[in-house]
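Undergrad: Dropping the sequence and predicted coords here.
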Amino acid sequence: MNVLVTGGTGYIGSHTVVSLLENNHQVIVLDNLSNSSVDVIDRIHKICGKELIFYQGDVRDFALLQDIFSKHNIDAVMHFAGLKSVSESINNPIEYYENNVSGSLSLIKAMKEAGVFTLIFSSTATVYGNPATLPIHENMPTGNTSNPYGTSKYIVERILQDVAASDKRLSVVILRYFNPIGAHTSALIGELPNGIPNNLLPYICQVAMGKLQQLSVFGDDYPTADGSGVRDYIHVMDLADGHILAMNKHHQDSGVFIYNLGTGRGYSVFEIIKAFERVNKVKIPYCVTDRRTGDVAVCYADALYANQKLQWQTRFNLDDMLKDAWRWQQNLAREKSQ
Ligand code: NAD
Ligand code: UD1
């Protein structure tokens, strides 16, 4: 298939592009490079030896989308482009709604005009808010979001449902990611956090490098086994595979299909620290601080639906994720010092 990947030079997009190319799809990437670098294209080429078409531009640029759809016979769109920092979204909600909501509207409008009806959308477990029960199943209530980033994703989900209800030609897959971590095993692509990381794994990696002094563990008084927050960490390459399976399964369908992409298993912050130290043989100094506003105690997926419907199975365990994250971080540092 010819697949348009918005945000394809970003963290999850680039790993998915690798999977798409390895599965012999033709890939057209659209990215404005606001949070990624054009080097990623060469790195993808190094990994799989295949070419892709790259457009530097914004998903809100409707004329550009029309041009791309008219030039390439696109069968499906994977929509990763968007902004993803919770703290930034609180300080600049307009930018977040403009990028994430207007960007998605512009894309779906251009798709319909061009007669392209398969869309895979990057959503997040954040749309579940503070879950009433665990594990989190796809049918549980959504919308009780605690920040503009999460709300922007929830709004796009609702828009997509309305649009799909009005036009039966559309097949929309909403993938709710849990906590993507790790990197491609080649260590050629991975996550590039901007400034001081907000997320746990990028922060731990920078502490391990000695770039940051110590990790703050945000609370040890949660009602969990060791008091720290529990999350469902998933290897980014497993996440990438989920996109290909979802596209293959639903390409000819009509309606909205929602899947959690998580492993179904939660790990606490202390468990992550210990496992990172063990597999990578490096010390992570930490201190315990107050809880972070907006954090929930425990969040992990009921991953059965994706497993049964898509035959999606994760290939990587926690040790793999932590090893790959660290290998990527070290490779990046090596490259920078050269
Ligand atoms: P990322 O920032 O690495 O990738 C997003 C890419 O989109 C970047 O390359 C950026 O340059 C590009 N982009 C941003 N706005 C754009 C626009 N208006 N037009 C064109 N390109 C634009 O983020 P990621 O971690 O790869 O996340 C991909 C998607 O998955 C995002 O929509 C994010 O909200 C969602 N998501 C991410 C996580 C996570 O933990 N990383 C969790 C849940 C959901
Ligand atoms: C966060 C976002 C979520 C987003 C996801 C991926 C919040 C409230 N949620 O999820 O919307 O979809 O990232 O981008 O920001 N932790 C520490 N110390 C740190 C960093 C994190 O103890 O320096 C803890 C957190 O309290 C949490 C766990 O580690 O228990 C994971 O945190 P993080 O990686 O930020 O992911 P989420 O909070 O799950």
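TA: That came in fine, so what should we check first? Ligands and ions are numbered 1, 2, ... in the order given.

Undergrad: can we go C-alpha only for contacts and neighbour counts from here?
TA: Fine.

Undergrad: and the gap between residue 127 and residue 234?
TA: Residue 127 sits 17 Å away from residue 234, going by C-alpha to C-alpha, to the nearest Å.

Undergrad: which of these two has more neighbours?
TA: Here residue 127 and residue 234 are compared on neighbour count by other C-alpha atoms under 10 Å; more neighbours surround residue 234, at 26 against 23.

Undergrad: three-state assignment of that one?
TA: At residue 234 the chain is in strand, as set by DSSP: H, G, I helix; E, B strand; the rest coil.

Undergrad: Test my guess that it contacts residue 183.
TA: No: in this structure residue 234 lies outside contact range of residue 183 using C-alpha atoms under 8 Å: 10.7 Å.

Undergrad: list the residues that contact both of these two?
TA: Each of residue 321 lies in contact with both residue 234 and residue 183 under the rule C-alpha atoms under 8 Å, 6 or more residues apart in numbering.

Undergrad: For ligand 1, what is the nearest residue in the stretch 201-338 of the chain?
TA: Closest approach between the stretch 201-338 of the chain and ligand 1, counting by C-alpha to the nearest ligand atom: residue 236, at 8.8 Å.

Undergrad: Surely that residue and residue 177 touch.
TA: No: contact criterion C-alpha under 8 Å: residue 236 and residue 177 do not qualify, at 9.9 Å.

Undergrad: Residue 30 should be in a helix, yeah?
TA: No: counting by three-state DSSP, residue 30 is not part of a helix but strand.

Undergrad: so how many other residues sit close to it?
TA: Count around residue 30 with other C-alpha under 10 Å applied: 25.

Undergrad: Please report how far it lies from residue 60.
TA: Going from residue 30 to residue 60 by C-alpha to C-alpha gives 11 Å.

Undergrad: tell me the mean pLDDT for stretch 285-303?
TA: Stretch 285-303 carries an average pLDDT of 96.

Undergrad: right, I mislabeled it, should have said stretch 135-146
TA: Across stretch 135-146, pLDDT averages out at 96.

Undergrad: now do stretch 173-180
TA: Stretch 173-180 shows a mean pLDDT of 98.

Undergrad: Pull the residues that contact that stretch.
TA: Contact with stretch 173-180 is made by 118-125, 157, 231-236, 239, 243, 246-247, 250, 256-262, 300-301, as judged by C-alpha under 8 Å, 6+ apart.

Undergrad: Report the buried members of these.
TA: With neighbours counted using 16 or more other C-alpha atoms under 10 Å, the contacts of stretch 173-180 contain these buried positions: 118-125, 157, 231-236, 239, 243, 246-247, 250, 256-262, 300-301.
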